[in-house]
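Q: pasting the structure only:
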């Protein structure tokens with residue numbers, strides 16, 4: 001479900017700018033996939049970190065910006081099944097932002 005029409009146009013311009021930066025220069029081990037028709041729905045392919053049980057794996061994660069963005073963080077869902085204490089059985093990541101900041 002697209003939230004493009006629910007997100008402020010100024011916010012969308014900022015999101016588009018940041019996504020272009022991510023696509024052009026992604027963090028190591030991450031590839032960002034963006035739909036041209038919906039900037040509020042981003043998929044990332046994340047390589048499993050070396051020397052962990054996830055090494056050698058590639059994990060698909062969907063980041064979804066809700067109508068509350070930017071006052072509320074995007075929601076993250078693992079599309080690839082993964083066993084992790086911060087990921088529900090349905091794939092919803094919890095506390096994922098705390099690992100990055």
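A: Nice, thanks for sending it over. Predicted model only: the values in this text are computed from it and were never measured. Numbering: from 1, shown residues only.

Q: and after the top strand by length along the chain, which helix or strand comes next?
A: Longest strand in the chain, counting residues (DSSP state E): strand 38-47. Sequence order places strand 58-64 as the next helix or strand after strand 38-47, per DSSP states H and E.

Q: the next helix or strand along the chain from that next one - contacts with which helices or strands?
A: With elements assigned by DSSP H and E, the helix or strand that comes after strand 58-64 is strand 75-78. Helices and strands touching strand 75-78, by 3 or more C-beta pairs under 8 Å, 6 or more residues apart in numbering; DSSP states H and E, are strand 58-64. From N, CA and C alone the C-beta is placed, and that goes for glycine too.

Q: what inclination does the strand it packs on have with respect to strand 38-47?
A: Going by axes from the mean of the first three to the mean of the last three C-alpha atoms, to 10 degrees, strand 58-64 is angled at 160 degrees with respect to strand 38-47.

Q: just for this protein, where's the confidence low?
A: 1-6, 95-101 (pLDDT under 70).

Q: which residue of it sits farthest from its center?
A: In the chain, the greatest distance from the average C-alpha position (C-alpha atoms, centre = their mean) is reached by residue 51, at 23.2 Å.

Q: how about stretch 8-26: buried residues?
A: Using 16 or more other C-beta atoms under 10 Å as the burial criterion, the residues of stretch 8-26 that qualify are 12, 15.

Q: contacts for that stretch?
A: 4, 7, 32, 34, 39-40, 42, 65, 69-70 (C-beta atoms under 8 Å, 6 or more residues apart in numbering).

Q: write the ChimeraX selection for whichever of the residues you listed are buried.
A: Selection of buried members from the contacts of stretch 8-26 for ChimeraX, criterion 16+ other C-beta under 10 Å:
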select :7,32,34,39,40,42,65,69
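
Q: going by distance to residue 79, which of the contacts of stretch 8-26 wins?
A: Within the set of the contacts of stretch 8-26, residue 42 lies nearest residue 79; the separation is 11.9 Å, counting by C-beta to C-beta.

Q: name the element residue 21 belongs to?
A: helix 9-24.
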